[in-house]
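[1] sharing a model prediction with you, sequence too.
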Amino acid sequence: GAGVSQTPSNKVTEKGKYVELRCDPISGHTALYWYRQSLGQGPEFLIYFQGTGAADDSGLPNDRFFAVRPEGSVSTLKIQRTERGDSAVYLCASSLSGTAPGKFFGPGTRLTVL
Amino acid sequence: DQQVKQNSPSLSVQEGRISILNCDYTNSMFDYFLWYKKYPAEGPTFLISISSIKDKNEDGRFTVFLNKSAKHLSLHIVPSQPGDSAVYFCAASDSGGGADGLTFGKGTHLIIQP
């Protein structure tokens, strides 16, 4: 497909476990973003990549959260020692560098921490 | 502290009439604004955007109005159609819509009644 894809679509894990969420951006998009959407809230910015490097990680809530994009395409969001408060939909978006108007979002991964 | 506020959690409009969704912001550094539409279990879909150098942008049935002095924007949908029923998010950027993370409101659930 031509859009942003995310896997898995749903992830259920136990408190304290480690999880990885994957994002495949639109081909050719150099900018990649991760957002988190909790119930009843709008998406909240986590981190932005330009190519392979994290240009802005100011939205990561703490050091349990980490993201990589080693080849400038696919990105993985990693969450260590998951907590129940991490339960949310994790959204990925991509765009051509420095372009407007908007970012193209994937369908999200729903993470549930029991 | 919410920098982008959508004070109406829901809005019900009759099919064929105008839908008006409102958004307020507090950060005077915001210079680019976007509206997204979201269906359940899908990622947000970009609808329309506006730069702070303009006060109106129109695209088909969708028009966005920006009042910088009031730090207020609105999305008008006319005529409203059943497929417009969704959650609408207002988002803002302080880099001209370029490569940075967006700040979202909590969303307004628009319900179009037949």
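    Thanks, I have the structure now. Numbers count the residues shown, from 1 in each chain, chains lettered A, B, ... in the order given.
[2] wait, does stretch B:28-42 contact chain A?
    Yes - Stretch B:28-42 reaches chain A (CB under 8 Å from any CB of the partner chain) through B:Tyr32, B:Leu34, B:Tyr36, B:Ala41, B:Glu42. The way it works is simple: take the backbone N, C-alpha and C, and place the C-beta from them, glycine included.
[3] tell me how far that stretch lies from the chain's centre.
    Taking the mean of its C-alpha atoms, stretch B:28-42 sits 6 Å from the chain's own mean (CA atoms, centre = their mean, to the nearest Å).
[4] which positions within that stretch qualify as buried?
    By neighbour count on 16 or more other CB atoms under 10 Å in any protein chain shown, the buried set for stretch B:28-42 is B:Phe30, B:Asp31, B:Tyr32, B:Phe33, B:Leu34, B:Trp35, B:Tyr36, B:Lys37, B:Lys38.
[5] specify the beta-bridge partners of the fifth one.
    Here B:Leu34 shows beta-bridge partners B:Ser49, B:Ala91, assigned using DSSP bridges.
[6] I'd guessed it sits against B:Thr103; true?
    No - counting by CB atoms under 8 Å, B:Leu34 sits too far from B:Thr103 to count as a contact (10.4 Å).
[7] any stretches of the chain with poor pLDDT?
    You didn't pick a chain, so chain A it is. Scanning chain A for pLDDT under 70 picks out A:1, A:98-102.
[8] chain B, not that one
    Short version for chain B, where the test is pLDDT under 70: B:96-99.
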